[in-house]
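Sequence below, structure please.
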Amino acid sequence: MKGNKSRSNYLKILINGILMGTANKIPGVSGGLVAIAIGFYEELIYSLKRLDKIALKYLFEGKFKDFLKHINGKFLVLILLGIVISYFSTSKILDVLLNNFEIYVWSLFFGLVIGTIFHLRTIIDLNNFKNICFIIIGTSIGVLLSFANPSQENDNLFFVFICGIISVSGMILPGLSGSFLLMLMGNYILLLVDSVNALYDSLSEILRGDFSNIYSDVRINYLNVLSVFTLGSITGLILLSKILGYLLSKFNQLCNSIIFGFIIGSLGVIWPWKSTLNVENEYKIVRYLPDFNDETFYAFMFILIGIAIVIFLSSYEKK
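Okay, the predicted model is just below:
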């Protein structure tokens, strides 16, 4: 009986990791917010903070049991495994949806970000002058990034490593979406869709005994990008859990204020009605107002669904 209860608990933790990883891949939704909603955020932060000098000492001395016990290993490993599983599953789904229902996907993302803005508004003191100043600063940065033409996909490995560090911020800081930041940096599709799909396809082909595409330049480049991105994510997970934990404890309102403004100013990046033009080998995003037709109606419905999802999650956080 006790064994069944233990296995059930492990499965629950794994599912929590899958939900958190899925949220991290959706621009506008924070994995940290999901962790709070489900109720394992504090244990997650506690476990990540235990990746310290003592943990490294146990690891280098080969004391793996002591290492896992020190970092709350069973919990942390299952959460991270769930995140990895979600990255494989949702990347394929996103790939299909972006190719076939692009406007609806971006409409949902747009609604998710609007919902995030409503959520952050409730936890910021808007009567505080310093908070207003930081909101203005964040909004200005967001607007500049939104309409700087535009952030292009960049597979430079150093830049990819930085993207990895930034992408995990949503796991640590509720209300901040790491995927949303990757969109602003131009590497959302490269890192969370194409590269993950390349690894998935490579593993599938190897299992079938097909090695025809494994050594192609395109496939190798994607796998290199994914490896460096993963290394950056692990580095960021350890560093940001300490840095952001300190900043939030000391400057909670100012941090949330600048994030709030940043997200407001960056809404233009995920405006659903846009097209990309190639003008003299330079890509430019052209945004336009939609025509009133069935497609637009459904797009607005997806925006409302996105808003509702975040409001639903934030209501659980308040509880």
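
all contacts plus neighbour counts: C-alpha atoms, from now on.
OK.

quick one: the one helix or strand Leu231 maps to to chain centroid distance?
Using DSSP states H and E, Leu231 maps to helix 217-265. Relative to the chain's own centre, helix 217-265 is displaced by 9 Å; criterion: CA atoms, centre = their mean, to the nearest Å.

so what does that helix touch, helix or strand wise?
With contacts taken as 3 or more CA pairs under 8 Å, 6 or more residues apart in numbering; DSSP states H and E, helix 217-265 sits against helix 41-49, helix 102-121, helix 129-147, helix 157-167, helix 169-172, helix 195-207.

Export those helices to CSV and append columns for mean pLDDT, distance to Ala35 and mean neighbour count.
Formatted as CSV, the entries for the helices and strands packed on helix 217-265 read as follows, by pLDDT from 0 to 100; distance: least, CA to CA, whole Å; neighbours: other CA atoms under 10 Å:
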stretch, mean pLDDT, distance to Ala35, mean neighbour count
helix 41-49, 82, 5, 16
helix 102-121, 83, 15, 23
helix 129-147, 85, 25, 19
helix 157-167, 90, 16, 22
helix 169-172, 73, 8, 27
helix 195-207, 86, 23, 17
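
quick one: Thr116 and Ala308 touch, right?
No - when contacts are counted by CA atoms under 8 Å, Thr116 is not listed as touching Ala308 (10.2 Å).

residues shared between the contacts of these two?
Common neighbours of Thr116 and Ala308, using CA atoms under 8 Å, 6 or more residues apart in numbering, do not exist here.

any idea how far Leu313 is from Tyr87?
Distance, Leu313 to Tyr87, using CA to CA, to the nearest Å: 21 Å.

quick one: contacts for Asn72?
Taking CA under 8 Å, 6+ apart as the criterion, Asn72 is in contact with Ser47.

Got phi/psi on it?
Taking degrees, to the nearest 10, you get phi 60, psi 50 for the backbone angles of Asn72.

what helix or strand does Val286 sit in?
Taking DSSP H and E as the definition, Val286 sits inside strand 282-287.

Which helix or strand lies directly C-terminal to that strand?
Stepping forward along the backbone from strand 282-287, the first helix or strand reached (DSSP H and E) is helix 294-318.
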